[in-house]
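J.: Next comes the sequence, and after it the predicted model I'd like to discuss.
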Amino acid sequence: ADYWKTGHSYIKRRVNALNALAGFEKSGHYFFNKPVGRGYDDGLVSALAILDMLDRNPGKKMSELKNALPKTWGSPTMSPHCDDETKYGVIDKVVKRFEDMRAKGEPVAGQTIVDLVTVNGVRVVNEDGTWGLVRASSNKPEMVVVVESPVSEARMREMFHAIDGVLRENPEVGAYNQTI
């Protein structure tokens, strides 16, 4: 997996630059290169790929194929207010804070940080696979926060509280539009 900046044009360019078979965005954009597609966001190609998957699995319903995937607990996209003039500076401080925590061996959500992806904000990954992402929204005066755990809902919530704790060190960050 390769993590890149969120946004239709960023993902489209990255999929093409890497000559990747596919690229996906949480927001629902799916990009397929040859032999599946032609490199751009295409809902019909996505539908055909799903139909092909169903054809390769005769006798199984789509719900059965979905339920065979590993269970994860994920949050909705949560967005605390942060003015456009300050949000990128706040993100720089948040990234630095997590980098410092990792360098010092400080745990996040009770576990060691095994990966930090800083392409677009920061994605903090714990040893059990639980992760949290915070970045500046590209089109609103907000931050974007998403957390997920392959372990449990409790671990997902622990990661949210850890991410939110670092965000709250910055008084420029306001109330969320929704939380878990």
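T.: That came through, no problem.

J.: ranges for the helices of this protein?
T.: For the chain, the helices defined by DSSP state H occupy 8-18, 43-56, 62-67, 84-104, 153-167.

J.: Just say which of the ones you listed is most tucked in.
T.: Stretch with highest mean neighbour count among the helices of the chain: helix 153-167 (a mean of 19; mean count of other CB atoms under 10 Å). For the C-beta atoms, the positions are set from N, CA and C on the backbone; glycine is no exception.

J.: With mean pLDDT as added columns, please give the helices of the chain in JSON lines.
T.: Output for the helices of the chain, formatted as JSON lines (pLDDT from 0 to 100):
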{"stretch": "helix 8-18", "mean pLDDT": "83"}
{"stretch": "helix 43-56", "mean pLDDT": "88"}
{"stretch": "helix 62-67", "mean pLDDT": "92"}
{"stretch": "helix 84-104", "mean pLDDT": "98"}
{"stretch": "helix 153-167", "mean pLDDT": "98"}
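
J.: Reformat those as a markdown table; add distance to Thr179.
T.: Shown next, in a markdown table, are these (distance: least, CB to CB, whole Å):
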| stretch | distance to Thr179 |
| --- | --- |
| helix 8-18 | 27 |
| helix 43-56 | 30 |
| helix 62-67 | 26 |
| helix 84-104 | 17 |
| helix 153-167 | 7 |
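
J.: and Asn177, which of those is closest to it?
T.: helix 153-167 (13.6 Å; CB to CB).

J.: what's next to the closest one, contact-wise?
T.: Contacts to helix 153-167, defined as CB atoms under 8 Å, 6 or more residues apart in numbering, come from residues 73-75, 78, 80, 90, 94, 97-98, 108-110, 124, 126, 128, 130-134, 143, 145, 147-149, 173, 179-180.

J.: can you rerun that using 7 Å?
T.: Residues outside helix 153-167 that contact it (CB atoms under 7 Å, 6 or more residues apart in numbering): 73-75, 80, 94, 97-98, 108-110, 128, 130-132, 134, 143, 145, 147-149, 173, 180.
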